[in-house]
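S.K.: turn this into a structure:
(chains A and B)
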Amino acid sequence: MSTTSQEMENIFEKQSFWRSLSVFDWGWGIAVLLCSGYAWQQYSAQMDGYEAGILAGTALAIVAWGWLWKPVRVYSIVVTLFSLFAISLYGNDLALGETNFFLKFLLSSKSAIMWMSALYVLATVAYFIGLFFGSQFSNKTASAMTWSATVMGLVGMLVRWRESYLIHVDVGHIPVSNLYEVFILFSVITALLYLYYEGKSKTYNMGGFVLLVISSAVAFLLWYGFGARGANEIQPLVPALQSYWMKIHVPANFVGYGAFALSAMLGVAYLIKDAFLKNGRGGAIINRFPELDILDDVMYKSIALGFAFFTLATILGAMWAAEAWGGYWSWDPKETWALIVWLNYAAWLHLRLTKGWRGRPLAWWAIIGLFVTLFAFLGVNMFLSGLHSYGEL
Amino acid sequence: MSNETKPDSNPEQPLEGQTVARQRSNRKQHGLAKVLLSFLGSMEVAITLFVIVGIASIIGTILQQNQAYNSYLVKFGPFWFEVFRSLELFDIYSSWWFVILLGFLLVSTSVCIYHYAPVMLREWRRFRLNVSAKSLRLMHSSGAWSSQASPEETAKLIQHKLANGGYQSRLKDEQGCITIAAKKGAANRLGYVFTHGAIIVICLSALYDGNFNLKLRELAGQLKPETRDLLASEVPDISRLKADENHAFRGNANIPEGSTSGLVFLQMRNGFLVQELPFTLTLNDFRIEHYESGQPKSFESDIVIQDKETGEIISKTIEVNHPLVYKDFSIYQASFDDGGSVLDLKTWSLDGLSQQAMPFKQIVGDSRVIPTAKGDVKLELDEFKVFNIQPNPKAEETGRKFKNMGPSITFRIRDSAGQAKEFMNYMSPAEQEGRYFFLSGVRSSTSEPFRYLFIPADDQMSSKRFFDFRAMLNNDQEMQRIAEKTAAISLQSDQEVDPAMITRMAVVMERLAQLYNQGGFDRILADINDRVPEDKRQMVTESYFKVLQTILGTVYLEVLQQEGVNIADSITPAQEQFYDDLVNTMGALGNYDAPFYLQLKSFEHKQSSGFQITKAPGKDLVYLGCIMLCVGIVLMFYVAHKRIWVIIESSASNDGSQILVAGSGDRHQKEFVREFQALSQILDKQFSKNSGTN
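M.R.: Okay, here's the model as predicted:
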């Protein structure tokens, strides 16, 4: 946690965490709980015990998150207002998405995701301008764009959730069910992780690298969603996916993937700076790269966070498999690749924590880890499930 | 061996790494066992094992596991098939070498725990009060202050501040020298024990749930997986397991509606074992709902379980994601299939002389022998589908994205040589450009897509006229008669016609019709290329086609007449259109190459529900291990282990005290340094800082 020296002193002067919360903190926290209570009141009839538990858990988690990382408070308020506005405009009529001005150009799921995509790409450019030319203005603009894109991304997902119910009550589901949807989730989560570390380390100069991987994700989701595969169409869920597990297993996985992606890009930045410095070619741009030890430190913290969530997500996946397929572990390709990713990062962490490795080799390993993760995340879906054995009549 | 007894000789106050290193160097390393143990517990081995297990696991994801040996043989050829099979690559995760690899990982983890857990647990609990001022001064963070108050009061104040900061502390007062040892976040040490212990718990429990005991029994010759396609009752005892003989398994059962089963099938490599259950499972009803797109929306089964011993009965409706748990067993709704629907079928002969009515009933999944003009063939009825939802080509106009093509059957016709072709026939005619056709798909291997024959439907919406036409073309006697009649009519003129010419014309007509019957227009063109010199081909082709049209037209009229149509009246446009479609399709029959067309007339639909039944006694332990793992990870990464020591002595000069404070943060050095600075600032306010050390 980033704590100022005043906060540090407060530790020893018995300024409790609770006292340190402001009026806004309390007001916001209560608002979150009230909204959740309202949601419970509206939808409790359609929720079983587990889903109610997830709602309660999410509410508390959001409050805790906002108290520990302050920007979340404003972020959540903006996302809520935009989403509720969009939902109110829709009413009961999905077709309004094509005719209503605000929906068509801003807030319908499709438009919001377009805005998200454009803003992430622009942010990438702005961060690199900031890095190459040292423009603090460009950096700040990039950060603002990243925040805005992340707002639009989450708004897009929430509105899509509603749109799925507007198609038909039986079709509605949380929008994490196909590659298009989860790539949006991936972009939003990676951006949030990045913004957290940006705030904590008070440097914008990692932005370009991380936004590169987010922009790649954006390129993929645009191609997959609106190009050949047309996956932006909302499809109903097959029976095996109709479960509350999807709400916890999938997002947890993506915190893992996002963190791993972020650390890999920091690894790239590390190697570039290290290579330049080793050859004695310094220069203004290289100097603007974040310090090597900061890169190394954030890389470690990111992988640690990703590993914790990934472990949890894999366990949740096993528990879901046990309920849906009859066994918590079947060595099916997706499960096996999850294990492979887990082993990869367990090795990375052991090397760092016990063998004391730092720097270049770990940066390389983090980058390789991204490819392993990418295959587990994407490759299995796209290549392995298509494998079928040669049939003989 | 306690580090608490020898702090002075070690400049760096021992935190875990150093402690253990010294402990291990103190231990006498002799004996192969000790060396081996030390090797197995080394970090290099552990990390290498992570990587090797990871890479080995990849193999099982690219090479599809547990398929029929036949398909592997076809895919890889006999040589590689044998290589892969002997390496057990087709069932890699149960293979001996993979299990041994995992075993090594387990041993490595156990050795680690054996070495480090005692240390970690001790670290967690102990405060380490026996420190010297000298060692404190050499720590990362340290500082000295002078206080006006007595040592006891100073100590109280400092302890209070430390407590505010979340530190637990212990105090030792030895002849006016007070030592305080404070620690925070020591649960971090516990995290190590939890995470590594969790791995052991999970692996051992999962092993208990696995089929290791079955493999051992197979090795001992007590069990043999059955590889033939037999009914459960026919499977010999060596491939059967009694209800109490197996403590853990995962098996499948496909139960048709209304049936009961008391056993499941366990897949083992390329075969299966029959596992008896201590209860019977009856499927009363199976229900499925579909989305508009044809995808299944939900499916559920009403089942009844009866315990074989106690007779206890439990009824429940289960669906995907909502299994039934009964004692140690869990019953899951996994899939569904055809449960032996009874189909009313009829064959329309394509090689015979007339249409013999040959209706019969067959159950889906069965096969029967059917005599044809070229010998007996085997009809294997593979699949029956009630719905066939396809994207609607008229989606724009009608607004319906999908249309239901209706029921279909998929079957194979296998000749006496064992060669087979696969067919897919739809029950109802489909509309195409205003006319209706019976679709019949054909292919020679499952890797090809189906190619479709369009059989036009006649006025009665049946395929009879088409096959009557075919039968007539097959009937040489009839064809001769019709050819002569046609030839006579076409050569009719005012003058007298030479009978020889009529006969010649008739022969040509008959031959052309025959060629056409065998292979369509292509057959005729091939014949022309063979027999006619190049310069005359164009002319001959044109005249042949005219003649063909004439003879075929006459045959068609004969068929219509046979049907009862009065050809003296004009033919309807529909009947004309039918003729065009007929001729087109007839031309393609050569490629269809089947002795008959199989029509589905009606059906009695029976569904079966696919269940997975598992007995996994180790499951709860695995989950316990998972919780341990998660808690351990959080403790290791997010609970920072920090220690601070304070030594307070009476000042030599006055009634005050001399304070020495030092500390270290185990992994979070930077944060600890900041924390220590904060503490220093507070102490600066209370006491006066000493510029140097005593």
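
S.K.: point out where chain A drops to low pLDDT.
M.R.: Applying pLDDT under 70 to chain A flags residues A:1-11, A:14-15, A:385-393.

S.K.: let me see the contact set for whichever residue of the stretch 451-600 of chain B sits closest to chain A.
M.R.: Closest approach of the stretch 451-600 of chain B to chain A (CB to the nearest CB) occurs at residue B:594, with a separation of 13.6 Å. C-beta coordinates here come from the backbone N, C-alpha and C atoms, glycine included. Counting by CB atoms under 8 Å, 6 or more residues apart in numbering or on different chains, residue B:594 touches B:350, B:413, B:421, B:423, B:442.

S.K.: the last one: helix or strand, and which one exactly?
M.R.: The one in question is residue B:442. strand B:435-443 (DSSP states H and E).

S.K.: wondering if the helix or strand hosting residue A:166 reaches chain B at all.
M.R.: According to DSSP H and E, residue A:166 maps onto helix A:136-167. No. Helix A:136-167 lies out of reach of chain B by CB under 8 Å from any CB of the partner chain, never closer than 10.4 Å.

S.K.: just stretch A:225-242 next, same as before
M.R.: Yes. Using CB under 8 Å from any CB, stretch A:225-242 reaches chain B at A:235-236, A:238-240, A:242.

S.K.: okay, and for the stretch 301-450 of chain B, where does confidence drop off?
M.R.: B:352-357, B:398-399.

S.K.: other SSEs contacting the helix holding residue A:166?
M.R.: helix A:71-90, helix A:109-133, helix A:179-201, helix A:207-226 (3 or more CB pairs under 8 Å, 6 or more residues apart in numbering or on different chains; DSSP states H and E).

S.K.: now these as TSV including mean neighbour count?
M.R.: Shown next, in TSV, are the helices and strands packed on helix A:136-167 (neighbours: other CB atoms under 10 Å in any protein chain shown):
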stretch	mean neighbour count
helix A:71-90	17
helix A:109-133	21
helix A:179-201	23
helix A:207-226	22
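
S.K.: show me what residue of the stretch 301-450 of chain B gets nearest to chain A.
M.R.: Closest contact between the stretch 301-450 of chain B and chain A, by CB to the nearest CB, is at residue B:446 (3.2 Å).

S.K.: next, count neighbours for that residue.
M.R.: Per other CB atoms under 10 Å in any protein chain shown, the neighbour tally for residue B:446 reads 13.

S.K.: my guess is it meets residue B:422, correct?
M.R.: Yes. Residue B:446 is within contact range of residue B:422, at 6.9 Å (criterion: CB atoms under 8 Å).

S.K.: for the top helix by length along chain B, packing partners?
M.R.: Longest helix of chain B, by residue count under DSSP state H: helix B:499-531. Packing contacts for helix B:499-531, counted by 3+ CB pairs under 8 Å, 6+ apart, involve helix B:464-474, helix B:476-490, helix B:534-563, helix B:573-592.

S.K.: which one of the ones you listed lies closest to residue B:85?
M.R.: Of all the helices and strands packed on helix B:499-531, it is helix B:573-592 that lies closest to residue B:85, at 38.5 Å by CB to CB.

S.K.: CA atoms of the very next helix or strand once past that closest one as PDB?
M.R.: Using DSSP H and E, the helix or strand that follows helix B:573-592 in sequence is strand B:596-604. Written as PDB, here are the backbone C-alpha positions of strand B:596-604 (Å, rounded to 0.1, in the frame of the first residue of the first chain):
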ATOM      1  CA  PHE B 596     -31.300 -47.700 -52.600                       C
ATOM      2  CA  TYR B 597     -32.700 -44.600 -51.100                       C
ATOM      3  CA  LEU B 598     -33.800 -44.900 -47.500                       C
ATOM      4  CA  GLN B 599     -36.900 -43.000 -46.600                       C
ATOM      5  CA  LEU B 600     -37.900 -42.200 -43.000                       C
ATOM      6  CA  LYS B 601     -41.700 -42.500 -42.900                       C
ATOM      7  CA  SER B 602     -42.400 -42.100 -39.200                       C
ATOM      8  CA  PHE B 603     -40.700 -42.500 -35.800                       C
ATOM      9  CA  GLU B 604     -41.300 -43.300 -32.200                       C
END
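
S.K.: give me the helices and strands touching strand B:596-604, please.
M.R.: With contacts taken as 3+ CB pairs under 8 Å, 6+ apart, strand B:596-604 sits against strand B:342-349, strand B:408-414, strand B:420-426.
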